[in-house]
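>>> Output the structure for:
(2 chains)
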Amino acid sequence: MKGTNLGEFEELVLLTIAALVNDAYSVAVCDELEKHTGRAAKLGVVHAVLNRLEEKGLVKSRMGESTSARGGKRKRYYEVTHAGKVALTKAKEVRESLWNIIPGFNLEGSL
Amino acid sequence: MNRFDSQNDRFENQPDVPQPPRWAQRLLCWYCRPDLLEDLQGDLNEYFERNVKAKGARRARLIYCLDALKFFRPYTVRKPDFINLFIHWIMIGSYLKTSRRSLVRNKLFSFINIFGLAVSMSVGLLVIAFVSDLRSYDDFHEKKDRTYRVITTYQTPEQPSMDLASTSVKVGKKIREAVTGVEDVAILRNGFGGDATVGETNVPLDGLWADASFFKVFTFPLLEGDPATALKEPYSLVLTEKTAKKLFGDVDPLGKSVRMDTLTYKVTGLLKDVPKLSHLQFEALASFSTTDAQFARKDPNFYNWDNIWQNYVYLVLPKNGDPQVVQTTLDKLNKQENTQLASKKISISASLQPLKTIALGRRMDNPIGPTMTPIVVWVLSGLAFVIILSACFNYTNLSIARSLRRSREVGIRKIIGALKSHVLGQFMAESVIISLLALVFSFALFLFLRTEFLSLSPFIERVVSLQLSVQLIFYFIGLATLVGLAAGFLPALFLARINPVQVLKDVSGLKLFRHITMRKVLIVMQYTFSLIFIATTLISYKQYRGFLTLDLGFKTENILNIRLQGNKGDVLAKELAEIPTVREMSKSMMITSLGSIHGTSMKYKNPQDSAMVWLNLVDEHYLPVHQHKMVAGTNFTLRPKKGEESEIIVNEQVLKRFSIARRNPLKALGEQVVVDKKNLTIVGVLKDFHYGTVEKKIEPVMFRYSADEPGGFLNVKISATDLPATMERIETAWQKVDKVHPLDAKFYDDQIEEAYSQFSVMIKVIGFITFLAICIASLGLFGMVVFTTETRLKEISIRKVLGASERSLVYQLSKGFLALLVVATLVALPATYFFFDGVVLTNFAYHQPIGLGELLTSVLIIMLLAFVLIGSQTLKAARKNPANVLKSE
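Presented below is the predicted three-dimensional model:
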């Protein structure tokens, strides 16, 4: 099923949420992604991905306290669920197992 | 929830901090799922604040809008509330009941609403039927979407280029032979016709020449005969059912012969009658191969590229064929042929026109069937739209004004649990129901209007039938629903916003006059339209009268033009001369000033310089009978036989065009011009007169001598005494000369009126629309006046008790309305004036000035009507006994 696999961007978002720990809400995720990947993360796209991740059960969300910033609107904080952690680890393992079978990988040779 | 609302308010109400655009916020609230909304709003706000700092308020707003739009995704969109729809459904009975009660209770207002909507919609129905007829022209052809007509652009150095519906035979043959990607080509030629004789029966026929592919291109079903061969052989004739019946009665016509003039045709096919909505209209088809034998042998130019005046070529592309490909080939062909025409300095280019744009498309010269330009459709639709809008305004105005009466009902509904959307739905439904009710009346009106419209002019009757169809009925219902929704939207919104607590506590707290500005604007618009219409009608009528009474440069009174229909003019003249009331007679090839034109090119000394000069062939009596004024010279002195003429009479414009004798008429006499390769001496110079219709400028005209034009006219000047007896004697005289054709005689003045009939039709249409617009606007005003005086009755009574006079009360009540009318006048009159002065009348070379008279008259009519309406109601209110009003408190 398509739903169980992590897309590349989904994986990035999920990792960012995990990295931000207690401060993972949409705008922060966007900023963090931009900082690390260097590519512009569109709010709409991130939102859609967050929504999808929640549907897949990889993250869960809760509403924060309201403050005077953001026009008094509350933030929605995300947290990686157990299933999310499993998915991340699995993705990492897949990559590592692939890396392990590449013999003598160096960047200079590919030039 | 409340907590956030208050914080939200604070955020929005800080004046110095830039705010996101309100509409974008609203949009987001509207479409977004409630559980996602707050989060999204917050994110957008955060970004907005950030952008304000980084990029400025303007850009931040723009980005906010774009983002709000971008968030519109399947997962964010609110699911439709099915439960709400269901509630609407079960409440419909209740809505119907209350609507009916309120309709019956307020008879005057219901009448104004329903009557206005019905009348205005009937015009809409007419326009829908008209447009739908035009759009369904030629729909019966099976290959209609891939059929094209070859049209021609004719360019000479002298005149602006002409677009012709006709083309050359050559282009048809070339396409057939050389162009790939064309399924079939049909070549047609007009001008087939004359008197068909079978035994003793003699029937005039009007038809087309068509070649054998005709039935492959067009879907005209043959009842008898073989479509593949019917038009193959020369002298074959295919008749329509109706014509066959006229010629042969009930006898099977197939294989029989029909005599036309000197030729005998054999009937090879019997055709179902041509549908009314076909741009090709004919009573009979003759095989095109006949023309080869008849014309091509005599006329060496018959198959030339520049013989483009009488032939029509249609082609069918194969399925998925590309007209652009054919057009490219045609362009090549055009180029190739035009290099050969270079010496004549003309260029003739063929191009394709889709079949469906023939009847409703641009007007072209040499049309084969009726054409209606889209502008006519747009104007008619525009008029209908304005009228319907006016009626909608009435509904909106009166419903909002009277919403007081319904506010308690709405309050109770809301308290029981109705949502805003339910109330909105209820009142929208009510207005749709009223509009559908109005549709019933308007349909009856439509049936009446239809006959009136068709009888407006023979042209309209020929072009459209306005028959009802299922599709049309659906359009009608669609229109009514749309009108209902448009008219009911604002009142419904107004009622839906009512605060139930406030209404039930104290009805007078309802801000009834809050939308008074909007209502005033609507009334001003209605009256502006009415004034524009009435001024337009009056101005157009004056122009039309101006056309009819303009001095043409010659006299037309009591001149009867008799079409000779092939008879010898002299023979008829001899018979007519015996009638005592016939005073003078002349002969002419054509009747001038009616719009038809006939021209030949003329040269003066310079052989390179030729120009088109309009022409009439007349005899020596023509100028005196019509009292043409001579500037110099004499009438024709010689009476040459055909082909031996040497004299010519020209108008002043000819001298001007060729600068003959430096435009001195006296010196121009005796000068020679070349026409049709003949040297003709100018013997007379005519004062300029209107050869064409008066909207055209006066152009060069020449008169040449011809004593005998069998296709022409006999101009008979008769005394005005005892016309019926004279006409009767002329009729008898005609029958002695011609037993076959009925007499075709018309008075010159009547013919001129006919020539401008399009204007009289237009004036009638606009006049009718004006009448409706004024009626509807007056009804609306009346309703508003009645309502205002009713609600202010107590105020009036108290004023009266305190000593106000009736006059001051009437003034008090009506001044608001009169101010509106003044505003409408100030908008409408300049608008009309500039529209006519700058746009319409520039198209007419000779027109009357726009007088203040018409404009003032229109204001006067409207004002008078409004005065009567307002005055009668306010006076009635002012005269009421205050004691009666005030005691029932």
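>>> Any stretches of chain B with poor pLDDT?
B:1-16, B:80-84, B:158-159, B:506-515, B:888-889 (pLDDT under 70).
>>> With chain A instead?
For chain A (pLDDT under 70), the answer is A:1-4, A:105-111.
>>> By residue count, tell me the biggest helix in it.
Longest helix of chain A, by residue count under DSSP state H: helix A:82-101.
>>> Remind me which helix or strand residue 53 belongs to.
Answering for chain A, as no chain was given. Per DSSP states H and E, residue A:53 falls inside helix A:43-56.
>>> please go with chain B instead
Per DSSP H and E: helix B:34-55 holds residue B:53.
>>> near chain A, anything from that helix?
Yes: for helix B:34-55 and chain A, the contact criterion (Cβ under 8 Å from any Cβ of the partner chain) is met by B:36, B:38, B:39, B:40, B:41, B:42, B:43, B:44, B:45, B:46, B:47, B:49. The way it works is simple: take the backbone N, C-alpha and C, and place the C-beta from them, glycine included.
>>> Show me the residue at the heart of chain B, geometrically.
The residue lying closest to the centre of chain B (Cα atoms, centre = their mean) is residue B:376, at 2.4 Å.
>>> who touches that one in this structure?
The contact partners of residue B:376, by Cβ atoms under 8 Å, 6 or more residues apart in numbering or on different chains, come to none.
>>> Where does the stretch 501-650 of chain B get nearest to chain A, which residue?
Closest to chain A within the stretch 501-650 of chain B is residue B:501: 27.1 Å, counting by Cβ to the nearest Cβ.
>>> tell me the secondary structure for that residue?
helix (DSSP: H, G, I helix; E, B strand; the rest coil).
>>> Same question for the longest strand anywhere in chain B: list its buried residues.
In chain B, assigned by DSSP state E, the strand with the most residues is strand B:184-198. Going by neighbour count (16 or more other Cβ atoms under 10 Å in any protein chain shown), the buried part of strand B:184-198 is B:184, B:185, B:186, B:187, B:188, B:189, B:190, B:192, B:193, B:196, B:197, B:198.
>>> Contact partners for the second one?
Contacts of residue B:185 were listed using Cβ under 8 Å, 6+ apart, and they are B:172, B:175, B:176, B:213, B:217, B:313, B:314, B:315, B:316.
>>> Out of those, the closest to chain A would be?
Checking these against chain A by Cβ to the nearest Cβ gives residue B:316 as the nearest, at 50.4 Å.
>>> how close does the closest one sit to residue B:758?
According to Cβ to Cβ, to the nearest Å, residue B:316 and residue B:758 sit 35 Å apart.
>>> returning to that earlier point: report the inter-axis angle for the helix holding residue A:53 versus helix A:82-101.
100 degrees (axes from the mean of the first three to the mean of the last three Cα atoms, to 10 degrees).
>>> need the next SSE after helix A:43-56, C-terminal direction.
Using DSSP H and E, the helix or strand that follows helix A:43-56 towards the C-terminus is strand A:59-63.
>>> What pairs with that next one, parallel or antiparallel?
Paired neighbours of strand A:59-63 in the sheet (DSSP bridges): strand A:76-80 (antiparallel).
>>> in the strand it pairs with, what's buried?
So for strand A:76-80, counting by 16+ other Cβ under 10 Å, buried means A:76, A:77, A:78, A:80.
>>> And for stretch B:585-601?
B:585, B:586, B:587, B:588, B:589, B:590, B:591, B:592, B:593, B:594, B:595, B:597.
>>> Now do it: distance to the chain's middle.
29 Å (Cα atoms, centre = their mean, to the nearest Å).
>>> What of stretch B:703-715?
37 Å.
>>> Regarding that stretch, how distant is the last residue from the first?
16 Å (Cα to Cα, to the nearest Å).
>>> Same question for stretch B:587-600.
End to end - Cα to Cα - stretch B:587-600 spans 20 Å.
>>> Give me the contacts around it.
B:552, B:556, B:561, B:569, B:573, B:612-619, B:621-622, B:675-676, B:689-694, B:706-709, B:711-715, B:748, B:751-752, B:754-755.
>>> Surely residue B:352 and residue B:327 touch.
Yes: using Cβ atoms under 8 Å, residue B:352 makes contact with residue B:327 at a distance of 5.6 Å.
>>> what's the spacing between residue B:854 and residue A:74?
68 Å.
>>> Of these two, which one has the most company?
Per other Cβ atoms under 10 Å in any protein chain shown, whichever of residue B:854 and residue A:74 has more neighbours is residue B:854, with 23 against 18.
>>> The more buried one: what's it in contact with?
Contact analysis of residue B:854 by Cβ under 8 Å, 6+ apart lists B:535, B:538, B:539, B:542.
>>> Next, the angle from the helix holding residue B:53 to strand A:59-63.
Angle of helix B:34-55 versus strand A:59-63, following the same axes, to 10 degrees, is 80 degrees.
>>> So which other helices or strands are in contact with helix B:34-55?
helix A:26-37, helix A:43-56, helix B:22-31, helix B:57-70 (3 or more Cβ pairs under 8 Å, 6 or more residues apart in numbering or on different chains; DSSP states H and E).
>>> With residue B:769 as the reference, name the closest of those helices.
Among these, the nearest to residue B:769 by Cβ to Cβ is helix B:22-31 (37.2 Å).
>>> Which positions in chain A make contact with chain B?
A:26-27, A:43-44, A:47-48, A:51-52, A:63, A:66, A:68-76.
>>> Next up, identify which helix or strand residue A:39 is on.
Using DSSP H and E, residue A:39 falls outside every helix and strand.
>>> got the phi/psi numbers for it?
With angles defined as degrees, to the nearest 10, residue A:39 sits at phi -110, psi 150.
>>> Apart from its chain neighbours, what residue comes closest to residue B:738?
Distances taken as Cβ to Cβ, 6 or more residues apart in numbering or on different chains put residue B:567 closest to residue B:738, at 5.2 Å, once the chain neighbours are dropped.
>>> ok, the residue sitting nearest the centre point of chain A - contacts?
In chain A, the centroid-proximal residue (Cα atoms, centre = their mean) is residue A:13; its distance is 1.7 Å. The contact partners of residue A:13, by Cβ under 8 Å, 6+ apart, come to A:29, A:33, A:46, A:49, A:50, A:53.
>>> quick one: which helix or strand includes residue B:650?
Using DSSP H and E, residue B:650 falls in strand B:647-651.
>>> cool, and residue B:116?
helix B:107-135.
>>> could you point out which element follows that helix?
By DSSP H and E, the next helix or strand past helix B:107-135 is strand B:147-155.
>>> quick one on the thing from earlier: okay, the angle between the helix holding residue B:53 and helix B:57-70?
Using the same axes, to 10 degrees: helix B:34-55 against helix B:57-70 is 150 degrees.
>>> who touches helix B:34-55?
Under Cβ under 8 Å, 6+ apart, the answer for helix B:34-55 is A:26-27, A:43, A:47, A:51, A:63, A:69-71, A:73-76, B:4, B:11, B:18, B:20, B:25, B:28-29, B:32, B:59-61, B:63-64, B:67-68, B:71, B:75-76, B:78.
>>> hmm, which of those residues are the buried ones?
Counted by 16+ other Cβ under 10 Å, those give A:26-27, A:43, A:47, A:51, A:70-71, A:73-76, B:11, B:20, B:25, B:28, B:32, B:60-61, B:63-64, B:67-68, B:71, B:76 as buried.
>>> domain assignment for chain B?
B:17-79, B:146-359, B:374-545+B:758-887, B:559-752 (automatic domain parsing).
>>> ends of the second one, how far apart?
Put plainly, it is domain B:146-359. Domain B:146-359 end-to-end distance (Cα to Cα) = 16 Å.
>>> just to revisit the earlier point, between helix A:26-37 and the helix holding residue A:53, find me the angle.
Here the directions of helix A:43-56 and helix A:26-37 differ by 110 degrees (the same axes, to 10 degrees).
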